[in-house]
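Chemist: sequence unknown, structure follows:
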């Protein structure tokens, strides 16, 4: 028995703080369990009451004569702490604390929460809450509604995890209206113990749960742990589909970062990374969350992206076509046999091609024949059926036909029965048989697109890992050297050395402290060269006018030296200038940016994007966290909008994408090996043609002042 | 009396084709008018019936003893044509033909539609349809439901225009469920006569209509006419707010175009231009259409972008904050007095800063005091109220408080009462008082963002026009010269001459047919030069390897000549090569693309975007149609994502944006003066620093074979 079974399917429950006074939480929760038809035994605990709602009341949990699986505690913090001790002494297996006043208010409440948590951990009792709505398990075997909400949802195969209790009541209400069924429903509140990962594990092993909806405000685990585990749950032959809505504005802290990478690594970008890596589909709105959950709950997936649309009205058919294409789907081209067959059933004025228009006066039979015909076409991977209420429309009959065809088809079918009242019987029938049905065709099309995305995730290619070797020892020495002298900003000289330890190709370079030395260095190196200011106080050298590229000869070196010094001093008169770096001009390549940033919660993230304007104006960058590997790196590179530029655009040869992938992995390894790296920008990295590698053209690294 | 009054508010109606047989359109429409409580007089016409639903029936319209304002015709095409003639003879003022079988099926039906249209035009009778759902006017003065739909909406200030009849029934059904009221509701079907512009004019003059919702499949008017008129309707002190959903996949035709501009000018991009220029807000889904209409129907607009959010639950407050920011709004920073005042009414655990959390146990009073307080803060332009059903929640009381505060506030208030059943009384009350209310906070926030966009459109700056002079005569000569010799592709030599006539700065250039001549030309011109292949068969010179830039000396010219010839011949062995163009290297500048394309329906569109990768990979381009002027050109330049690059990015000086604006206007003038121009790409145009103008670096123009 999983420990969480006590919280979701207890045989006995004590409601501690059960109240006789209607409207009080302690009353309402007790009443909801009682009227919800809970199949186990319920005991109210309240020292001042003889009975609650006619049920014999106990003065303390210790006095209950039977063993207790779950304790629901509705008491203020101090009393709750005392109660937890008694519950543990009694030997309960699970606890839910509904009351608020703990971590979320700080001070003593927060202290008490820590104490309660540690008591539960020691006793191996799983704790849900505090500050939560409760737990609901609509399964007829349990029929438990241990929540504020008087509304018990119908049973289904979708489970819900909400970090907001208030949202739960609205969601339950909305679900009731839509006839949407749940397997398990939980509000996790402050997550003192049980959090989203615990629940995802539990749900993944729950035979009654196929789809999980999460409303998340923040992740309480390490991103690596979360991603690694959830990625496995959402993959393989028995996947759990996870759909999430995440709210929370980007933290102002990130904007103050010194590097480009740091400035762009807002928490929202990192959550995108987490969801993407874990195989969680992120939604923008609660409506979408329900739309997608409905589609996934049907447990049928399109093996390709070709869909057939069947409609009794032109306009909505066009809307569905548009949204399908926007959602990554294509309209199937029917075979000749299919069209021949359709001609048998449809009037001459119908459209036999996709989207099939069965005409406004279509009754049940035309829908039935058309659906059966297009589904048997091998070029069709899914069907979208639109029904608008017209004079001959038979919503219930059409729904029956769809249900009976769906029973024998492995291809997904989604419907849009437009309107509310006129089609509601048909809609209810479809819902009962788990055929996804939406009010408007655009929702149906978008949800089908989400299913297709899910399939793509499941069938993603797994590549063998690269065999990469690093000189960690030398890298440690370089960093230690800097740390010892209190140097927290590594410029190009140290930075390049460090990058070399991780397999990066850098350019020959040397520091010159005066014009003569510059000339000497450049002559030796060979022209053309690039010259750059070196100062710990000037991070954005280009902004300062501290960079001159393409210096072709000795005279150029002398000129550039003067100009750079002058401009840099004008830019920051107090800057401590170490000299000017003379660097061999980089061979041509596509400019990309690679970076590292360190998030206080999630640790190091790798950033990748096209350089220059693309990163700064178009924000066409992507972040990924641990666990990093070749598959993650490849999908990362492919996910930017500018990917076609690297693939070879307008007859150009493709760039060395494999080298980018290797570098992404190496950067993450570098961050893991040297956690004191706070920010890193390789900007730009020149990526050469396929097989030619890439060259670092500029680098800046910032270390944390103290090692952690 | 407006001609369309006969269609929307007739005093007498003849239903021609009225049927005694239930389920037939001719019966149902008659029945719907009758049971809808029509305030005028209704006459069924049917040669075979004595009465329809107890109302005396006439054998023909001619036999009706009274004058008839509106004839509803439900007859097949041939009979409809005959009936139209009789109606005109009778002197009807308006006709609605509901039946299908006309233009949409082609052949004889289409012929008959043309005949009917011409009869009506001659007789000055306004015709709605054919192939439409009918007309609805819920105003108690008229109470007309002349449609298939048995559902009569409640009266409101939003009017609807639908090109799809089937969508109408679903929309009416949806509206009934939401308690959404309409002023006028019409399905325009084939638009033989009355189309969206006629209706927009009528609605704009209708005192009962403030907002218009349009479902459009295609525009039947000239874009210029539509834009010019609708722009006036959506502007000024008595604007009509127009919200549209447009469906229709992009036409494959555009993809086959030879120029970049042509390739990108899909119909969807042009509809974006039309809506943008006309001040019509475009929606992606039917849900959004209703959401926005509800917001605009309240007739209150935020004068700034600062909003206050009031919530009784943290999570939904964060969701609203996120979506507000995504929708172009900002959270107001409250004044000290506001916070002081809030402290009086709210418990200590509340959040007094934006978003204000009045805490889960808030009853009516906290909402009331908080809303009144934040609305009186001068830094708040609008309020968004979130209510989640919790134990102490008083949905109806809170709604009453909101209604009474809203009465005395000019600032818009939008609500999200989350849930369905628990909050439905409150929701109904808000709806009755025209307070926009949504199920989820993200819809509320997005709708408030739409209101703000509407205000921005209304308060847009009107700039004085440029005074631009063109040498049209010379331009005509150049084009005529080409046309006469059958030349339809103008390369750089002719193209530059033509552009000069319209104020463009081009580079010195000359054609060289052999290496020797090339050397001569380049020496005379001065280095560096650019060399480009000239061939009517090679349009994309770079793809062909036919361009070498930065040629620095005579030897370079000779080398480049050989390379270009070789590569161009390899690229297209059959290409007719005229020689190699030697062109002075362009001075530095930002690369932009300017173009013209000619749409078969909408005529010439001007395109603008950043050049190179930005146009091709990022598709960061914008189109605009006639009427073109400085205001349109400025908003056009500002609307691309890469605009910050032109404004001066990372310390760079701003580019000469005014010159871009002038060139956009001049290109449109060129297209108007020389309609035989089919496609034009200036790619790139180098835009120099502010005040320095811009230089055309490459140009291609295609003419239509025959002038039109």
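Modeler: Perfect, thanks for sending it. All values derive from a computational prediction rather than experimental measurement. Numbers count the residues shown, from 1 in each chain, chains lettered A, B, ... in the order given.

Chemist: so which bits of the stretch 251-400 of chain A are right by chain B?
Modeler: Counting by C-beta under 8 Å from any C-beta of the partner chain, the stretch 251-400 of chain A comes close to chain B at A:284-287, A:312-316, A:318-319, A:321-323, A:325, A:349, A:360, A:388-392. C-beta coordinates here come from the backbone N, C-alpha and C atoms, glycine included.

Chemist: drop anything exposed from those residues.
Modeler: Neighbour counting over these (16 or more other C-beta atoms under 10 Å in any protein chain shown) leaves A:285-287, A:312-316, A:318-319, A:321-323, A:360, A:388-391 as the buried ones.

Chemist: so where's the stretch 601-708 of chain A uncertain?
Modeler: Filtered on pLDDT under 70, the stretch 601-708 of chain A yields the residue ranges A:706-708.

Chemist: and the helices in it?
Modeler: A:613-616, A:630-638, A:643-648, A:657-673 (DSSP state H, counting those that start in this stretch).

Chemist: OK, contacts around the closest residue to residue A:40 other than its chain neighbours?
Modeler: Using C-beta to C-beta, 6 or more residues apart in numbering or on different chains and skipping residues adjacent in sequence, the residue nearest residue A:40 is residue A:11, 4.6 Å away. If a contact means C-beta atoms under 8 Å, 6 or more residues apart in numbering or on different chains, then residue A:11 has A:40, A:41, A:69 as its contacts.

Chemist: looking at those residues, which are in strands?
Modeler: Secondary structure from DSSP state E places residue A:41 of those in strands.

Chemist: just the buried ones from the contacts of residue A:11, in PyMOL syntax?
Modeler: Buried subset of the contacts of residue A:11, written as a PyMOL selection, criterion 16+ other C-beta under 10 Å:
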select buried, chain A and resi 69
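
Chemist: in CSV, list the contacts of residue A:11 along with pLDDT and distance to residue A:486.
Modeler: Below are those laid out as CSV (pLDDT from 0 to 100; distance: C-beta to C-beta, whole Å):
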residue, pLDDT, distance to residue A:486
A:40, 95, 64
A:41, 96, 67
A:69, 96, 59
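
Chemist: chain B: which of the contacts of residue A:11 is nearest?
Modeler: Chain B lies nearest to residue A:40 out of the contacts of residue A:11, by C-beta to the nearest C-beta, at 24.6 Å.

Chemist: among the residues of the stretch 251-400 of chain A next to chain B, which are located in helices?
Modeler: Using DSSP state H, the members of those that fall in helices are A:286, A:287, A:314, A:315, A:316, A:318, A:319, A:321, A:322, A:323, A:325.

Chemist: pull out the buried positions in stretch A:515-530.
Modeler: A:515, A:517, A:518, A:519, A:520, A:521, A:522, A:525, A:529, A:530.

Chemist: ok, the fourth one - contacts?
Modeler: Just to be clear, that refers to residue A:519. By C-beta under 8 Å, 6+ apart, residue A:519 lies in contact with A:554, A:557, A:558.

Chemist: how far away is residue A:464 from chain B?
Modeler: Distance of residue A:464 to chain B, computed by C-beta to the nearest C-beta, to the nearest Å: 30 Å.

Chemist: how about the nearest residue to that residue, chain neighbours excluded?
Modeler: Nearest to residue A:464 is residue A:630, by C-beta to C-beta, 6+ apart, at 7.2 Å.

Chemist: show me where the stretch 151-300 of chain A dips below the pLDDT cut-off.
Modeler: Applying pLDDT under 70 to the stretch 151-300 of chain A flags the ranges A:248-266.

Chemist: okay, strands next: where are they in it?
Modeler: Assigned by DSSP state E, counting those that start in this stretch, the strands in the stretch 151-300 of chain A fall at A:158-162, A:185-187, A:211-216, A:241-246, A:281-283.

Chemist: so which of those is the most surrounded?
Modeler: strand A:185-187 (a mean of 29; mean count of other C-beta atoms under 10 Å in any protein chain shown).

Chemist: partner strands of that one and their direction?
Modeler: strand A:134-137 (antiparallel), strand A:158-162 (parallel) (DSSP bridges).

Chemist: report the distance from it to the chain centre.
Modeler: 19 Å (C-alpha atoms, centre = their mean, to the nearest Å).

Chemist: which residues does that strand contact?
Modeler: By C-beta under 8 Å, 6+ apart, the residues outside strand A:185-187 that reach it are A:7-8, A:128-129, A:132-138, A:147, A:153, A:159-165, A:168, A:172, A:199.

Chemist: ok, residue A:53 touching residue A:30?
Modeler: Yes. Counting by C-beta atoms under 8 Å, residue A:53 touches residue A:30, with 6.6 Å between them.

Chemist: any idea how far residue A:147 is from residue A:335?
Modeler: Counting by C-beta to C-beta, to the nearest Å, the gap from residue A:147 to residue A:335 is 52 Å.

Chemist: buried sites along stretch A:14-24?
Modeler: Residues of stretch A:14-24 classed as buried: A:14, A:15, A:16, A:17, A:18, A:19, A:20 (neighbour count, 16+ other C-beta under 10 Å).

Chemist: can it be found next to chain B?
Modeler: Yes. Contact of stretch A:14-24 with chain B (C-beta under 8 Å from any C-beta) involves residue A:23.

Chemist: start and end of that stretch, how far apart?
Modeler: Stretch A:14-24 has an end-to-end distance of 17 Å (C-alpha to C-alpha, to the nearest Å).

Chemist: re earlier: higher neighbour count, residue A:53 and residue A:30?
Modeler: Taking other C-beta atoms under 10 Å in any protein chain shown, residue A:53 and residue A:30 do not tie; residue A:30 has more neighbours (29 against 16).

Chemist: residue A:591 is in contact with residue A:684, isn't it?
Modeler: Yes. Judged on C-beta under 8 Å, residue A:591 makes contact with residue A:684 at a distance of 3.9 Å.

Chemist: backbone dihedrals for residue A:192, both of them.
Modeler: When quoted as degrees, to the nearest 10, the phi and psi of residue A:192 stand at phi -60, psi -40.

Chemist: tally of neighbours for it?
Modeler: Counted with other C-beta under 10 Å, residues neighbouring residue A:192 total 25.

Chemist: my guess is it contacts residue A:109. True?
Modeler: No. In this structure, residue A:192 is not within contact of residue A:109 by C-beta under 8 Å, at 11.4 Å.

Chemist: who's in contact with the residue most central in space within chain A?
Modeler: In chain A, the C-alpha nearest the mean C-alpha coordinate belongs to residue A:275, at 1.9 Å (C-alpha atoms, centre = their mean). Neighbouring residues of residue A:275 by C-beta under 8 Å, 6+ apart: A:244, A:246, A:281, A:282.

Chemist: do the same with residue A:5
Modeler: Residues near residue A:5 by C-beta under 8 Å, 6+ apart: residue A:93.

Chemist: re earlier: what sits in contact with each of residue A:591 and residue A:684?
Modeler: Common neighbours of residue A:591 and residue A:684, counting by C-beta under 8 Å, 6+ apart, are A:611, A:612.

Chemist: residue A:495 and residue A:549: what is the separation?
Modeler: 19 Å.

Chemist: between the two, which is the more surrounded one?
Modeler: residue A:495 (23 against 15).

Chemist: tell me where the stretch 51-200 of chain A has helices.
Modeler: A:77-90, A:107-123, A:165-178, A:196-205.

Chemist: helices and strands around the last one, which ones?
Modeler: It refers to helix A:196-205. Applying 3 or more C-beta pairs under 8 Å, 6 or more residues apart in numbering or on different chains; DSSP states H and E, one finds that helix A:196-205 contacts strand A:158-162, strand A:211-216, helix A:223-233.

Chemist: distance to residue B:353 added to the ones you listed, as TSV?
Modeler: As requested, those are exported to TSV (distance: least, C-beta to C-beta, whole Å):
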stretch	distance to residue B:353
strand A:158-162	24
strand A:211-216	23
helix A:223-233	29
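
Chemist: returning to that earlier point: which neighbours do residue A:192 and residue A:109 have in common?
Modeler: In contact with both residue A:192 and residue A:109: A:102, A:103, using C-beta under 8 Å, 6+ apart.

Chemist: could you pull up the residues touching residue A:354?
Modeler: A:308, A:309, A:331, A:332, A:333, A:334.

Chemist: right, I'll leave it there.
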